[in-house]
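Undergrad: Model the following, please.
(one chain, ligands or ions: 1)
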Amino acid sequence: MGFRKNIRRVTPYVPGEQPQEKVIKLNTNENPYPPSKKVQETLAGLNPAKLRLYPDPAATKLVTALADYYGVSQEEVFAGVGSDDVLAMCFLTFFNGEKPVLFPDVTYSFYKVWVELFKIPFSCQPVDENFKIVKTDYFTPNGGIIIPNPNAPTGIFESLTVIEEIVAGNPDSVVIIDEAYIDFGGESALPLIKKYPNLLVVQTYSKSRSLAGLRVGYALGNKELIKALNDVKYSYNSYTMNEYAIELGTAVLKDEAYFKESTGQIMETREWAKEALEEKGFTCLDSRANFIFAKHERVPAKEIFEKLKEKGIYVRFWNDERIKDYLRITVGMRVEMEKLLAEIEGIL
Ligand code: PMP
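TA: A predicted model of the protein is given here:
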């Protein structure tokens, strides 16, 4: 049959399980807190009759709100259907396939899917023994760079100094910093977009804004980069945000207090849970994200993962050629983490 050959070779992304029954779900880095009240009020006030109409393809209302929020111009903002779609669009738009795209070998697994799908040559640059990226690996000739900061699934944050050096050292490549987890203690590269026309910062509402189900992601960068994304978007005729995403996505930016409080709570719980896990014999990486990447000194991660699942607690198990026997545990509410720790106590 007439399939593109590379489709058969693509290794699809395997998402975390979405259990239907009531469980403690610490496997896909969702936010345990509900969306802001402003979102809930706006939702209640929406008129379903409006769904008769097509949404504004430019999502102008949301783009304007994001521009105001981040202190940039509208021409420096591109909004899309979750950051996965924004990132896929970036791969299509900026990674031209002539030279390899660089990204860390321990990283967000979707990057590999997109390069295979879009037939983009790539090179995975090894992280060091502490899971940190090796800066000098990003100064070789390349057709673009993408680095998540903090990284996934490790949670490790790279300093802005290193990020800036990489951006500055690659003026002919687009450098994308995927900041899906930036609001949990990292420092955004956003202020650098004014200085570097080759830098694109991508963020999402899925983690720190408690809106994974709404599907809102966005890219911030130089006007020319944003224009290129829009040109591809309209040529492709896809990635149109729906009315709810535009309205609720605008509303969520109006509740800074809740945003600060809920992300602050998650960071506090993360540090507490990390310490408690360490007391039980786990080694935990220093995470600046809403998850903890951990390994036990004696009991295999797979065993802990399976036994927790039997008890209705879902975490993510990692074991591949680069990462041996780790658990990635999303930071839930304090009470959920207490239950997790109590079950782990019984397993060890
Ligand atoms: N980047 C990274 C590093 C992620 O872990 C995720 C979430 N799986 C995403 C991007 C995509 O998030 P979303 O599409 O929900 O915005």
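
Undergrad: For Pro153, which non-adjacent residue is closest in space?
TA: Arg328 (4.6 Å; C-beta to C-beta, 6 or more residues apart in numbering). Where you see a C-beta, it was placed from the backbone N, CA and C, and this is true even at glycine.

Undergrad: do Phe131 as well
TA: Thr154 (4.6 Å).

Undergrad: any idea which element the one you found lies in?
TA: Assigning secondary structure by DSSP states H and E places Thr154 outside every helix and strand.

Undergrad: surely it meets Val106?
TA: Yes: at 6.4 Å, Thr154 and Val106 qualify as touching, with contact defined as C-beta atoms under 8 Å.

Undergrad: Who has more neighbours out of these two?
TA: Thr154 (27 against 23; other C-beta atoms under 10 Å).

Undergrad: mind listing what the more buried one touches?
TA: Going by C-beta atoms under 8 Å, 6 or more residues apart in numbering, Thr154 touches Val106, Val127, Phe131, Leu285, Ser287, Phe293.

Undergrad: among those residues, which two are most distant?
TA: Greatest spatial distance among those (C-beta to C-beta): Val127 and Ser287, at 14.7 Å.

Undergrad: How about the residues of the stretch 151-300 of the chain by the ligand?
TA: Ala152, Asp178, Ala180, Thr204, Ser206, Ala212, Gly217 (C-beta under 6 Å from any ligand atom).

Undergrad: Could you dump those into JSON lines with neighbour count added?
TA: As requested, these are exported to JSON lines (neighbours: other C-beta atoms under 10 Å):
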{"residue": "Ala152", "neighbour count": "21"}
{"residue": "Asp178", "neighbour count": "29"}
{"residue": "Ala180", "neighbour count": "24"}
{"residue": "Thr204", "neighbour count": "25"}
{"residue": "Ser206", "neighbour count": "23"}
{"residue": "Ala212", "neighbour count": "17"}
{"residue": "Gly217", "neighbour count": "24"}
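
Undergrad: follow-up on the earlier one: can you pull the residues that touch both of Thr154 and Val106?
TA: The contact lists of Thr154 and Val106 share Val127, Phe131, where a contact means C-beta under 8 Å, 6+ apart.

Undergrad: Does Phe282 have any beta-bridge partners, and if so which?
TA: His296 (DSSP bridges).

Undergrad: Isn't it up against Lys295?
TA: Yes: between Phe282 and Lys295 there is a contact at 6.6 Å, judged by C-beta under 8 Å.

Undergrad: Read off the pLDDT value for Leu62.
TA: What the model reports as pLDDT for Leu62 is 98.

Undergrad: Now do Gln40 against Leu211, distance only.
TA: Taking C-beta to C-beta, to the nearest Å as the measure, Gln40 falls 11 Å from Leu211.

Undergrad: scratch that, Lys61
TA: Relative to Leu211, and taking C-beta to C-beta, Lys61 is found at 16 Å.

Undergrad: Looking at these two, which one has more neighbours?
TA: Shown here are Lys61 and Leu211; by other C-beta under 10 Å, Leu211 has more neighbours (22 against 16).

Undergrad: what's near enough to touch that one?
TA: Pro35, Val39, Tyr205, Leu248, Gly249, Val252.

Undergrad: Which helix or strand contains the second one?
TA: Element membership of Val39 [criterion: DSSP H and E] is helix 37-45.

Undergrad: Could I get the buried residue list for that helix?
TA: Lys38, Val39, Thr42 (16 or more other C-beta atoms under 10 Å).

Undergrad: Could you do stretch 60-78 as well?
TA: Buried-residue list, stretch 60-78, by 16+ other C-beta under 10 Å: Lys61, Leu62, Val63, Ala65, Leu66, Ala67, Tyr70, Val72, Glu76, Val77, Phe78.
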